[in-house]
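Participant: here is my input, please return the structure:
(4 chains)
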There are 2 protein chains.
Amino acid sequence: MVGMELRHLRYFVAVAEKLSFTAAAEALGVAQPPLSQQIRDLETEIGTCLLERTTRRVSLTQAGQDFLVRAKAILHSAQDASERAHAIGCGSVGVLNVGLTGSMLAGPLGKLIHKFQETFAGVDIQIHEMSPDKQIAALKSGQTDISFLRTPPQDPDLMSELAWSEGITVVLPKGHGIVSDSVTLSLLKDEKFVFLRLRDSLFAKHILQCCIGSGFYPTISQQAVEAASLTSLVAAGFGVALIPEFVAKLAHANVTYRPVVSPILSADVYALYHLRSGPMARNFLALMRSDAERLAAELRLG
Amino acid sequence: MVGMELRHLRYFVAVAEKLSFTAAAEALGVAQPPLSQQIRDLETEIGTCLLERTTRRVSLTQAGQDFLVRAKAILHSAQDASERAHAIGCGSVGVLNVGLTGSMLAGPLGKLIHKFQETFAGVDIQIHEMSPDKQIAALKSGQTDISFLRTPPQDPDLMSELAWSEGITVVLPKGHGIVSDSVTLSLLKDEKFVFLRLRDSLFAKHILQCCIGSGFYPTISQQAVEAASLTSLVAAGFGVALIPEFVAKLAHANVTYRPVVSPILSADVYALYHLRSGPMARNFLALMRSDAERLAAELRLG
DNA sequence: GCCATTAAGAGCTTCTCCGTATGAATGGTG
DNA sequence: CACCATTCATACGGAGAAGCTCTTAATGGC
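Facilitator: Purely as a prediction, here's the structure:
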């Protein structure tokens, strides 16, 4: 005999619980002789009798009683391990680490995460707020599974996919001279601007390029780290700011918002994931894609 | 595939720990192609990939990492269950319930139990003091595995075996007229006797028969339940007593002991055990037999 | 670009697990 | 008391699975 197998345990447990070889054989869907043979093999392997049998009665030895408990536990563990691995393989169990910047949750991501948690109740979503460069490093090291950025990096290990597009909104201090419902970028060329810190924020660089594209280099009066701070700085009189549409959802009493209608600016958000990202990230992306219509509709509504 | 087997787990753990099919195959003593096949079968059975493999590198998926931990635990449990059952089957692990009367430990039984505990360190000996009839009931119900009595009962389920023989000692109150080093039973025919309660004690009945056999019916002044009480009653002046030799080891200041030399009386102690007693009881009996010479020598020395 | 290494596939062999037929033992019943 | 029914063990043959050898495809290093 080369070794004990789970089949031996399954057979033994059946016999031990029925206290009958014939009844156990029927329950197992095998004939009685091979069952007897397998039990015999098991006893030989272990080196002790597990069952006392006469032709009329089957009973457990002390060793058999102890082994029965353990065999059942082992079979249960095996079943559990199999189901668990399957669930992890399907992405329906585990921890999904999501990297994002603090200002990202104001957009559609919140609803997406909520929907994902409803669909995959076994998955625990951990949100990690971090700066864009940290996000990329975390993705590459495996600390996070998926990340949301406004500008995807060039990296052969990382895949990027457009998650959603937002319009860009200008934030004006209350009582500002511009009163039209919408503005053009060039209209703002003489304003002072509040920017996110150009060193850190790819989004800020993008806005800067848009301004240059509209024929002016913006005067930057102040730089901030957190996107939510921009609105407060505008309210404090430091100038105006260009922010992603959904960040403007965070209403502020002392400012007014105006959509930018020319040029048509977009603040794209990309989902980033590793080439060998797990099934949970794939599920998240799949849900995101299937949810694209809802996001698009929400975008049209503003 | 009919079901997962421990073989699959053994193979998977080998591959997962070596991160190489060829190295794992060599370690397992099988060829590489069947190993690949078995892993593939396992993945099909579970319903998810456990290993990511290229022709140059093997790595674990998340599901594989989780499954590896559980598979190792299962294999360990199986090994442990097997070894444990073997140990119980050998009688080297478990609880041995010994029934005896309180006065029995004064003899060679103490040393025997001590020696058994040294030999079978995994066995926990539980001593149950109870009256003879309770001992028999306990044996038959399985509450005890082995019991020590001075007269074996007639019962088809119970086996008895002579454990040891003691001489019989007469206990005299200090200053008693008999001063010779040894006495004959008939010399005591006019004494008052302290007996164990005849209703309970088979030993007392035996002594009574011996007296009758020596031509007199003893005058019983008092009956006791505990053998150790006999000596105290003699010291208190209730008469003389006939007790097993080893009980006389419990010295008492106000009495003297004299061996009975005629007739040669013996107080036999029998080991009782159930027909289907476990291996621990068998081991105990085997040790008792192999120890018989030592006991006999001790008996000769008195 | 070639070679070494590694995993996977094909075909065949061996082993073992299982089913049928049969035997032996025991407990109940007429 | 003998018979019968039930139950477990044994014997043997066949189907299927596991394993081995040979070979192929793919990848990383030189």
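
Participant: what comes up buried for stretch A:100-112?
Facilitator: For stretch A:100-112, a neighbour-count test (16 or more other C-beta atoms under 10 Å in any protein chain shown) marks A:Leu100, A:Thr101, A:Ser103, A:Met104, A:Ala106, A:Gly107, A:Pro108, A:Leu109, A:Leu112 as buried. In short, each C-beta sits where N, CA and C put it, glycine included.

Participant: for A:Phe193, which three-state class applies?
Facilitator: What DSSP: H, G, I helix; E, B strand; the rest coil gives for A:Phe193 is strand.

Participant: isn't it right up against A:Leu233?
Facilitator: No - using C-beta atoms under 8 Å, A:Phe193 is not in contact with A:Leu233, being 10.0 Å away.

Participant: how about the secondary structure of A:Arg10?
Facilitator: Here A:Arg10 is recorded as helix under three-state DSSP.

Participant: from A:Arg53, how far off is it?
Facilitator: 19 Å (C-beta to C-beta, to the nearest Å).

Participant: A:Glu161 now?
Facilitator: Distance from A:Glu161 to A:Arg53, by C-beta to C-beta: 65 Å.

Participant: likewise A:Ser147?
Facilitator: Per C-beta to C-beta, A:Ser147 is found 64 Å from A:Arg53.

Participant: and these two? Which one has more around it.
Facilitator: Neighbour count, other C-beta atoms under 10 Å in any protein chain shown: between A:Ser147 and A:Arg53, A:Ser147 has more, with 28 against 15.

Participant: excluding chain neighbours, what is closest to the spatially most central residue of chain A?
Facilitator: Residue closest to the average C-alpha location in chain A (C-alpha atoms, centre = their mean): A:Leu96, at 4.1 Å. Sequence neighbours aside, A:Met280 is the residue nearest to A:Leu96 in space, at 4.5 Å (criterion: C-beta to C-beta, 6 or more residues apart in numbering or on different chains).

Participant: and the one you found, how many neighbours?
Facilitator: 26.

Participant: repeat for A:Asp66
Facilitator: By other C-beta under 10 Å, 20 other residues sit near A:Asp66.

Participant: which ones are touching it?
Facilitator: Contact analysis of A:Asp66 by C-beta atoms under 8 Å, 6 or more residues apart in numbering or on different chains lists B:Ala81, B:Arg84, B:Ala85, B:Ile88.

Participant: with A:Ala163 instead?
Facilitator: A:Leu109, A:Phe148, A:Val269, A:Tyr270, A:Ala271, A:Met288 are the contacts of A:Ala163 under C-beta under 8 Å, 6+ apart.

Participant: try it again at 6 Å.
Facilitator: Taking C-beta atoms under 6 Å, 6 or more residues apart in numbering or on different chains, we find A:Ala163 in contact with A:Val269, A:Tyr270, A:Ala271.

Participant: using the three-state scheme, assign the last one.
Facilitator: Okay, so that is A:Ala271. strand.

Participant: am I right that it is in contact with A:Leu162?
Facilitator: No - with contact defined as C-beta atoms under 6 Å, A:Ala271 does not count as touching A:Leu162 (7.8 Å).

Participant: looking at the two, which is more packed in?
Facilitator: Counting neighbours by other C-beta under 10 Å for A:Ala271 and for A:Leu162 shows that A:Ala271 has the greater number, 23 against 12.

Participant: all helices for chain A, in order.
Facilitator: Along chain A, the segments classed as helices by DSSP state H run A:6-18, A:21-28, A:32-46, A:62-90, A:109-119, A:132-141, A:202-213, A:227-235, A:279-290, A:292-301.

Participant: of the ones you listed, which is nearest DNA strand C?
Facilitator: helix A:32-46 (3.4 Å; C-beta to the nearest atom of the strand).

Participant: looking at it, the residue nearest to A:Leu96 is touching A:Gly94, isn't it?
Facilitator: Yes - in this structure A:Met280 lies within contact range of A:Gly94 using C-beta under 6 Å: 5.5 Å.

Participant: on that earlier part again, residues in contact with the residue nearest to A:Leu96?
Facilitator: A:Gly91, A:Gly94, A:Leu96, A:Val123.

Participant: the last one against A:Val98, yeah?
Facilitator: No - under the criterion of C-beta under 6 Å, A:Val123 is not in contact with A:Val98, lying 10.8 Å apart.

Participant: higher neighbour count, those two?
Facilitator: Neighbour count, other C-beta under 10 Å: between A:Val123 and A:Val98, A:Val98 has more, with 22 against 19.

Participant: thought the more buried one was touching A:Ile127?
Facilitator: Yes - counting by C-beta under 6 Å, A:Ile127 is a contact partner of A:Val98 at 5.2 Å.

Participant: possible to save the buried residues of stretch A:100-112 as a markdown table with pLDDT?
Facilitator: What follows is these, written out as a markdown table (pLDDT from 0 to 100):
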| residue | pLDDT |
| --- | --- |
| A:Leu100 | 90 |
| A:Thr101 | 83 |
| A:Ser103 | 76 |
| A:Met104 | 82 |
| A:Ala106 | 78 |
| A:Gly107 | 79 |
| A:Pro108 | 84 |
| A:Leu109 | 88 |
| A:Leu112 | 89 |
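
Participant: so which of those belong to strands?
Facilitator: Taking DSSP state E as the definition of strands, these contribute A:Leu100.

Participant: make TSV from the buried residues of stretch A:100-112 and add distance to DNA strand D to it.
Facilitator: Below are the buried residues of stretch A:100-112 laid out as TSV (distance: C-beta to the nearest atom of the strand, whole Å):
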residue	distance to DNA strand D
A:Leu100	32
A:Thr101	34
A:Ser103	39
A:Met104	35
A:Ala106	41
A:Gly107	38
A:Pro108	37
A:Leu109	35
A:Leu112	34
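
Participant: out of the contacts of A:Met280, which are inside strands?
Facilitator: A:Gly94, A:Leu96, A:Val123.

Participant: tell me the domain ranges of chain A?
Facilitator: A:6-90, A:94-165+A:268-301, A:168-265 (automatic domain parsing).

Participant: between these, which one is nearest to B:Ile220?
Facilitator: Judged by C-beta to C-beta, the one of the domains of chain A that comes nearest to B:Ile220 is domain A:6-90, at 45.1 Å.

Participant: can you tell me the average pLDDT over the closest one?
Facilitator: Averaged across domain A:6-90, pLDDT comes to 95.

Participant: can you pull the buried residues of stretch A:20-37?
Facilitator: If you call a residue buried by 16+ other C-beta under 10 Å, then stretch A:20-37 has these buried ones: A:Ser20, A:Phe21, A:Ala24, A:Ala25, A:Leu28, A:Leu35, A:Ser36.

Participant: DNA strand C next: which of those residues are close?
Facilitator: The subset of these within reach of DNA strand C, by C-beta under 7 Å from any atom of the strand, is empty.

Participant: closest to chain B among the residues you listed?
Facilitator: A:Leu28 (11.2 Å; C-beta to the nearest C-beta).

Participant: grab the nearest non-local neighbour of that closest one.
Facilitator: A:Ala14 (5.3 Å).

Participant: what does the stretch 51-200 of chain A have sitting close to DNA strand D?
Facilitator: Neighbours of DNA strand D within the stretch 51-200 of chain A, by C-beta under 7 Å from any atom of the strand: A:Arg53, A:Thr55, A:Arg56, A:Val58.

Participant: show me what contacts A:Leu198?
Facilitator: The contact partners of A:Leu198, taken as C-beta under 6 Å, 6+ apart, are A:Ala204.

Participant: quick one: it from A:Ile207, how far?
Facilitator: 9 Å.
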